[in-house]
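# Model the following, please.
(chains A, B, C and D)
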Number of protein chains: 2
Amino acid sequence: MNPARRIRDEIAAAIRSGEWRPGDRVPTEQELAARHGCARATVSKALGELAAAGLVERRRKAGTFVAHPPVHSAVMAVPDLAELIAARGEVYRWSLKAMRIETDGVAQCPPPALRVEGMHFAAGEAFALETRFIALDEVPDAANADFRAEAPGTWLLGHIPWTEARHVIRAVTPTRIEAAQLGVATRAACLELDRTTWRAGRVVTHVRQLFRGDRFDLVAEFNAGT
Amino acid sequence: MNPARRIRDEIAAAIRSGEWRPGDRVPTEQELAARHGCARATVSKALGELAAAGLVERRRKAGTFVAHPPVHSAVMAVPDLAELIAARGEVYRWSLKAMRIETDGVAQCPPPALRVEGMHFAAGEAFALETRFIALDEVPDAANADFRAEAPGTWLLGHIPWTEARHVIRAVTPTRIEAAQLGVATRAACLELDRTTWRAGRVVTHVRQLFRGDRFDLVAEFNAGT
DNA sequence: TGTATCATTATGTCTAGACATAATATGAGG
DNA sequence: CCTCATATTATGTCTAGACATAATGATACA
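Now for the predicted structure:
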């Protein structure tokens, strides 16, 4: 095994097992290098990776210390609905309901914006109601896309690489109309996911997805390191 | 500025701006080294960081390529409730409702498990209802902790370092009893957060938190790199 | 006693070179 | 034209050494 990897995994194991507790001092690079019979740069690389993963904290002169665990973050799977439903082994379908161009600024998306409304179906049943705004200045091609054939989210995936996004998740009771469209009882709980997507500091698209509470869970995992 | 950082940021900017598109070939390390007047190891480090951040993909012999954006993940803030509420400038309070030892396996938590039920308050009003199981074999000290004075989540933070966790988030309608406890109308939408926490492959604690839908949003962000 | 200065120390970064590894490209033989 | 072996190439990893940087602790001075 690589020395760098070995050192890294050894320290990571000691931290995760609780043998080294938060705040504990990690041996100096010199010491680790001598103990493992390798160059200091190799140890430094291993410690650098651990620091990047958040397991240790390095301070000049002071040394390297086991970091305090960050309980506040987890990686959430934000699925492309077509993929998600296909992964469940159900048939996916998208149905466009309405589309028009908004010339006023709406919902954090600067005008002119293309407003697209539609429904995602899984196995023939309504799954999620979507209302989306696409900034036409950022994605002019969107005006020519056929959103009857393809959901705008799926289309955008292939047309705007490398964006940043912010999601807000909340539980809501749908309006009477939304409940009817989703085929759930009025006041049944639904999960609302609002996603705003940016590129180079400018909003590209904003979408609100309303999920049937009984058919959708979000999952998030936190694994120290990796 | 550091050469390594400069190279890294330059390439990251080119990718994020869309100048280099997914699948594009990044210049070879030799080329970048020559262009920036530095050693190949320096370029290699920069590319390594970009690869770790997921912006590029490196393949032996083939070269380095702009990666395809992963739309499926975002970092979610999973707050410690005491901190979250304090950050809002509201007064936090915890109230223990019930506590007993379960000798049967319940809710993914192996017996013997300490079952703790209580309520989190913000500014005097009910905020979240919590049902927690703590594996006593993993955290024997929990039997002696005073969960009337301190919420078990807060207590655990100081007693079990470096765990892994899995969260499931869903929208639910509370039972009549839960609604009454939370002080919301029956059938008002609530956000349910289930968290299972592991250490060294064994479940440490499992908690179900039921939030008032009108007082709590979850936020998740995705930023390419960093 | 309090403060400024300086040497020490551990990390941070870099270099030039070396060898390993794996995937591609090339060419020989069928 | 296809297939297999070989050479090439770009990344992966490592070394030994160097200098930079920042924080600590000791020392000298006011």
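# How about the residues of chain A by DNA strand D?
Proximity of chain A to DNA strand D (CB under 7 Å from any atom of the strand) is limited to residues A:2-5, A:37-42, A:45, A:59-62. Quick note: C-beta positions are derived from backbone N, CA and C, even for glycine.
# does the residue of chain A most remote from its centre count as helix, strand or coil?
Centroid-distance maximum for chain A: A:Ala34 at 41.4 Å, with CA atoms, centre = their mean. For A:Ala34, the assignment made with DSSP: H, G, I helix; E, B strand; the rest coil gives helix.
# Show the pLDDT at it.
Confidence at A:Ala34, expressed as pLDDT, is 90.
# follow-up on the earlier one: ok, which pair from the residues of chain A next to DNA strand D is furthest apart?
Farthest apart among the residues of chain A next to DNA strand D by CB to CB are A:Asn2 and A:Lys61. That separation is 28.4 Å.
# what's next to the lowest-mean-pLDDT helix or strand in chain A, contact-wise?
Here the helix or strand of chain A ranked lowest by mean pLDDT, DSSP states H and E is strand A:73-77, holding a mean of 83. The contact list for strand A:73-77 (CB atoms under 8 Å, 6 or more residues apart in numbering or on different chains) reads A:167, A:218-223, B:72-78, B:165, B:167, B:220.
# PyMOL command to pick out the buried ones of those?
Buried members of these, defined by 16 or more other CB atoms under 10 Å in any protein chain shown, are picked up in PyMOL with:
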select buried, (chain A and resi 167+218+220+222) or (chain B and resi 73+74+75+76+78+165+167+220)
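# hmm, back to that, mind checking which of the residues of chain A next to DNA strand D land in helices?
Here DSSP state H is the test, and the residues of chain A next to DNA strand D give A:Pro3, A:Ala4, A:Arg5, A:Arg40, A:Ala41, A:Thr42, A:Lys45 as lying in helices.
# Between those residues, which sits nearest DNA strand C?
DNA strand C has its nearest neighbour among those in A:Ala41, at 4.4 Å by CB to the nearest atom of the strand.
# what about the closest one, how many neighbours?
Neighbour count for A:Ala41, taken as other CB atoms under 10 Å in any protein chain shown: 12.
# need the contact list for it.
Per CB under 8 Å, 6+ apart, neighbours of A:Ala41: none.
# near DNA strand C, which residues of chain A show up?
Counting by CB under 7 Å from any atom of the strand, chain A sits next to DNA strand C at A:26, A:28-30, A:40-41, A:44, A:47-48, A:51, A:58-64.
# per-domain residue ranges of chain A.
Domains of chain A are assigned by automatic domain parsing as A:3-66, A:75-221.
# ok, and the closest non-adjacent residue to A:Val78?
In space, and not counting its chain neighbours, A:Val78 is closest to B:Ala74: 5.2 Å by CB to CB, 6 or more residues apart in numbering or on different chains.
# That neighbour pairs with what?
A:Met76 (DSSP bridges).
# Okay, and the beta partners of A:Gly63?
A:Arg59.
# quick revisit: would you mind checking the residues of chain A next to DNA strand D for buried ones?
Buried members of the residues of chain A next to DNA strand D, counted by 16+ other CB under 10 Å: A:Pro3, A:Ala4, A:Cys38, A:Thr42, A:Lys45.
# With distance to A:Pro112 and pLDDT added, can I get the ones in helices among the residues of chain A next to DNA strand D in CSV?
Putting those into CSV (distance: CB to CB, whole Å; pLDDT from 0 to 100) gives the following:
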residue, distance to A:Pro112, pLDDT
A:Pro3, 57, 78
A:Ala4, 52, 85
A:Arg5, 52, 88
A:Arg40, 58, 90
A:Ala41, 54, 91
A:Thr42, 55, 92
A:Lys45, 50, 91
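# Contacts only, for A:Phe147.
By CB under 8 Å, 6+ apart, the contact set of A:Phe147 is A:Leu96, A:Met99, A:Val116, A:Gly118, A:Trp155.
# got a winner among those residues for most neighbours?
Neighbour-wise, those (other CB under 10 Å) top out at A:Val116, 24 neighbours.
# Identify the residue spatially nearest to A:Arg170, adjacent ones excluded.
The shortest distance from A:Arg170 to any residue other than its chain neighbours is 4.6 Å, reached at B:Asp217 (CB to CB, 6+ apart).
# if I look at that neighbour, how far off is A:Glu90?
Distance of B:Asp217 to A:Glu90, given as CB to CB, to the nearest Å: 29 Å.
# How about A:Arg187?
For A:Arg187 relative to A:Glu90 (CB to CB), the value is 26 Å.
# Surely A:Glu221 is in a strand?
Yes. If the criterion is three-state DSSP, then A:Glu221 is within a strand.
# Tell me where chain A has strands.
Counting by DSSP state E, chain A has strands at residues A:25-26, A:56-59, A:63-66, A:73-77, A:92-102, A:113-122, A:125-135, A:164-172, A:190-199, A:202-212, A:218-222.
# got the CA positions of the last one in PDB?
It stands for strand A:218-222. Listed next in PDB are the C-alpha coordinates belonging to strand A:218-222 (Å, rounded to 0.1, in the frame of the first residue of the first chain):
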ATOM      1  CA  LEU A 218     -34.900  12.900   1.000                       C
ATOM      2  CA  VAL A 219     -31.800  11.200   2.200                       C
ATOM      3  CA  ALA A 220     -28.600  12.800   3.400                       C
ATOM      4  CA  GLU A 221     -25.400  11.200   4.700                       C
ATOM      5  CA  PHE A 222     -22.500  12.400   6.600                       C
END
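# Return the distance of stretch A:23-38 from the chain's centre.
Computed by CA atoms, centre = their mean, to the nearest Å, the chain-centroid distance of stretch A:23-38 equals 36 Å.
# Would you mark the buried spots in it?
So for stretch A:23-38, counting by 16+ other CB under 10 Å, buried means A:Val26, A:Glu29, A:Leu32, A:Ala33, A:His36, A:Cys38.
# ok, the residues you listed vs A:Glu130, which is closest?
Among those, A:Val26 lies closest to A:Glu130 (CB to CB), at 48.5 Å.
# Just confirm that closest one contacts A:Gly63, I think it does.
Yes. A:Val26 is within contact range of A:Gly63, at 6.9 Å (criterion: CB atoms under 8 Å).
# Hmm, A:Thr103 is touching A:Leu114, no?
No. In this structure A:Thr103 lies outside contact range of A:Leu114 using CB under 8 Å: 11.0 Å.
# the more surrounded of these two?
Between A:Thr103 and A:Leu114, counted using other CB under 10 Å, A:Leu114 has the larger neighbour count: 21 against 9.
# which residues does A:Leu114 bridge with?
Beta-bridge pairing for A:Leu114 (DSSP bridges): A:Ile101, A:Ile134.
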